[in-house]
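In: pasting the sequence and the predicted coordinates here, then a few questions.
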Amino acid sequence: MAWITLLLAGLFEIVWAYSMKLSDGFTKVTPTIVTIAFMILSFGLLSYAMRTLPLGTAYTIWTGIGAIGSFLVGIFILGEPATAMRMLAAVLIISGLVLMKVSSS
């Protein structure tokens, strides 16, 4: 259950990162409210997952899901560049996440 909770926390991190971008520096009300709400949900679920998962594992997986998800949102929704160097960085992050998961089993 902790891994599912952590996955949801990571997905909610992607939502709040994207809505923070849409808030235009917290000048737009609706995206700002969405950002704050999903931050609270994401941190709450991360905290719950950390009850049973090691700190280093939980935090690394959570930030990795958020980083890769935000990277993909940037490319597919915001039209950010998908350069070879950025793609390599994403592959390295995913590799680290897999190794972290395998090492904590």
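Out: Sure thing, it's come through. No experiment lies behind these values; they were computed from the predicted model shown.
In: low-confidence regions, this structure specifically.
Out: Within the chain, the stretches with pLDDT under 70 are 105.
In: look up the closest residue to the residue most central in space within it, ignoring the ones flanking it.
Out: Nearest to the geometric centre of the chain sits Gly66, at 1.4 Å (Cα atoms, centre = their mean). In this structure, Gly66 finds its nearest non-sequential neighbour in Glu13, 3.5 Å apart by Cβ to Cβ, 6 or more residues apart in numbering. Where C-beta positions appear, they are placed from N, C-alpha and C, glycine not excepted.
In: distance of that neighbour relative to Gly69?
Out: Distance, Glu13 to Gly69, by Cβ to Cβ, to the nearest Å: 7 Å.
In: of these two, who's got more company?
Out: Glu13 (25 against 18; other Cβ atoms under 10 Å).
In: just to revisit the earlier point, other SSEs contacting whatever helix or strand the residue nearest to Gly66 lives in?
Out: Glu13 belongs to helix 2-22 when assigned by DSSP states H and E. Identification of packing neighbours for helix 2-22 by 3 or more Cβ pairs under 8 Å, 6 or more residues apart in numbering; DSSP states H and E yields helix 29-49, helix 55-76.
In: go through the ones you listed and name the closest to Ala9.
Out: Nearest to Ala9 among those is helix 29-49; the distance by Cβ to Cβ comes to 3.6 Å.
In: now that closest one: buried residues?
Out: By neighbour count on 16 or more other Cβ atoms under 10 Å, the buried set for helix 29-49 is Pro31, Thr32, Val34, Thr35, Phe38, Met39, Leu41, Ser42, Leu45, Leu46, Tyr48, Ala49.
In: the nearest residue to the third one once chain neighbours are set aside - how many residues pack around it?
Out: In space, and not counting its chain neighbours, Val34 is closest to Ser19: 4.1 Å by Cβ to Cβ, 6+ apart. If you count neighbours by other Cβ under 10 Å, Ser19 ends up with 20.
In: alright, that wraps it up for me.
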